[in-house]
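Q: just to be clear, the model below is a prediction. Sequence and coordinates:
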Amino acid sequence: MRTDAQNPRTTPQAPWPFTGRADELELVRGALSAGRPGVVVTGPAGHGKTRLITEAVRGTDHARVTGTPEARDLPLAAFAHLLPDTVSLPRALRSLSGVRVLVVDDAQLLDDTSAALVHQLALRGRTRLVVAAADGEPAPAAVSRLWTGELLPRLTLDPLSHEDTARLLAGARLEPLTVRRLHHSCQGDLRLLRELVTALTGSGRLTPVPGTGERAWRGPLPLTPAVRERLAPALERSGPGEREALERLAFAEPLSPASDELEPDVLERLEADGLIHVDDHGGVGLAHPLHGTALRARAGRLRARRLTPAADTHAPALAAEQRTLAERMARLDVRPVPTPVGDWLVAQGSVVPAGYAAARARFARLRGELGEAAAWAREGLREAPSDSACRTELQLAERPSDGGQDDPDEVHAAYAAVRLGAPERAVGRLPAGSVLARHADALARGDGTALDGAAEALAERGFLLYAAEARAQAVRVHRDPRAARRSRSRALALARRCAGARTPALAGLVLGDLTARQQQIVTLAAAGLSNREIAERLTLSVRTVGNHLYSAYTRLGTGGRSALPALVDAPEGAMA
């Protein structure tokens, strides 16, 4: 990982492992099969379009062209390396007749003649096209007609999920709250994410978390070149009252002042330009999570002192968040709820009350986010090292293999028996008609279809780990192999969203999605053997081992070797 945080363009960087996007990867690969015309991949800058396409065409015979700002006024500049020095559009079409797969990157930056050439290639249909175009930027009409005219199917990339971002950053050993903060701050921009991680690592702003081997980021944002570029629209506002309004909002986060406390015409201009948002209750906030941290970092000490709210300003809102969490857990509903106050205080390095931290830890644990649960429990223990609730939550998060039998809540302690495969021990101890009781009944009857239905209901209420376990139990009771495969696939998808969860119900589930040879190799890799050691043990070439591992990473949805121990239980003696 690069350590020069000041100029990210001066030092070449090794690519991050390809992570997530398994479905999108299959769609792009499918679009390159015989008889298909290709595909257009769109999405905001930095969302990974180029990397996705690179993975999709890896190992295939293809040509690549790239649009650039410098050459967008030069006819056929992007195709210069594929064409003679002077060529007309018809001759260019003939010259490219032998190209079976053409990758066109940054198509929105093509000159008009190059764009027309790509459009003509799509019309002729002899060349399969894989086109990447950034959303939110003007593109030549010939490029946009590729999908609006339905010449090529369009795949729009969503931001990388939080779970996939966590897998991408697994090698950096960042604690879960830092990973979530980075994910939220970057809003899916992977280039910005990489630059921030590099800046944090190189500047020494990551501090060790005792007893974990992980590092945490608390405090201000590094103002890297990419951050400054992203923030320019906010930092350069010069209209009357605009900078004042933005700074007031920055120092009021996450308690945005009511809109009537600011000049309405100023707010309307800022909202029209996408710099602020107004919620349903009239609260005004900054539109991008980076804006507040940057504006606060650029303010002088006296101005910051004047705009910073009193220390106890956040207490009522923090208490309200805690009440909301408690009410939701009591209703057996742990779908995500906004918690901006607690998130902001922890990001700034402030101490949060132990009671609030325990509630956040419990909420995260019930969702299957065990790493975050442990992190919140540790935050509470910073303020109160002997707090029993935080200590209990930390133990439960770090020891999920017992199903939560020691949970202080009687309902979830009883439900632990269901998770461990003994529903008879929970009879009469679960709320009648609840999703937990539904799971117990389906398991007691050995009904795979009912277990799948219970899993859907659990997932709808946010119990992702419980849903994964119900799906895994369905795999074992389904008589129809196709139904079992569907349950396993869905169980795996849910389990991947619960990073770090290794429970009895999920045991062996991950390896069941791999070929026999991949299972052997992945198990040995998870036990710590190198590719060469695995090759010697299994009498394979090192290259073959590497290819099997790469395919397994794709199936497992993980970024690489470092994530394997959390997914695979290596057998005893694997290292012998």
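A: Received, thanks.

Q: so what are the domain limits for this structure?
A: 22-156, 162-219, 226-309, 313-398, 410-506, 511-567 (automatic domain parsing).

Q: mind listing the strands for the protein?
A: Listed in chain order, the strands of the chain (DSSP state E) span residues 38-43, 63-66, 101-105, 128-134, 154-156, 206-209, 214-217, 276-278, 284-286.

Q: now the ones you listed in JSON lines, with mean neighbour count and distance to residue 489?
A: All C-beta spots, glycine's among them, are computed from the backbone N, C-alpha and C. Below are the strands of the chain laid out as JSON lines (neighbours: other CB atoms under 10 Å; distance: least, CB to CB, whole Å):
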{"stretch": "strand 38-43", "mean neighbour count": "23", "distance to residue 489": "24"}
{"stretch": "strand 63-66", "mean neighbour count": "18", "distance to residue 489": "33"}
{"stretch": "strand 101-105", "mean neighbour count": "22", "distance to residue 489": "29"}
{"stretch": "strand 128-134", "mean neighbour count": "25", "distance to residue 489": "27"}
{"stretch": "strand 154-156", "mean neighbour count": "16", "distance to residue 489": "21"}
{"stretch": "strand 206-209", "mean neighbour count": "16", "distance to residue 489": "34"}
{"stretch": "strand 214-217", "mean neighbour count": "21", "distance to residue 489": "31"}
{"stretch": "strand 276-278", "mean neighbour count": "18", "distance to residue 489": "37"}
{"stretch": "strand 284-286", "mean neighbour count": "22", "distance to residue 489": "39"}
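
Q: quick one: residues contacting residue 452.
A: Residues counted as contacts of residue 452 (CB atoms under 8 Å, 6 or more residues apart in numbering) are 470-471, 474, 483, 486-487, 490.

Q: change it to 7 Å
A: 471, 474, 487 (CB atoms under 7 Å, 6 or more residues apart in numbering).

Q: now the strands of the chain as a markdown table including mean pLDDT and distance to residue 174?
A: What follows is those, written out as a markdown table (pLDDT from 0 to 100; distance: least, CB to CB, whole Å):
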| stretch | mean pLDDT | distance to residue 174 |
| --- | --- | --- |
| strand 38-43 | 96 | 25 |
| strand 63-66 | 96 | 32 |
| strand 101-105 | 96 | 30 |
| strand 128-134 | 96 | 28 |
| strand 154-156 | 95 | 29 |
| strand 206-209 | 94 | 7 |
| strand 214-217 | 95 | 6 |
| strand 276-278 | 84 | 28 |
| strand 284-286 | 84 | 24 |
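
Q: quick one: closest of the ones you listed to residue 226.
A: Nearest to residue 226, of all the strands of the chain, is strand 128-134, at 15.4 Å by CB to CB.

Q: in the stretch 251-400 of the chain, where is pLDDT below threshold?
A: Scanning the stretch 251-400 of the chain for pLDDT under 70 picks out 255-261, 281, 311.

Q: can we see that at 90?
A: In the predicted model of the stretch 251-400 of the chain, residues 251-317, 338, 340-341, 344, 348, 383, 398-400 satisfy pLDDT under 90.

Q: was I right about residue 405 contacting residue 413?
A: Yes. Residue 405 is in contact with residue 413 according to CB atoms under 7 Å; the separation is 6.1 Å.
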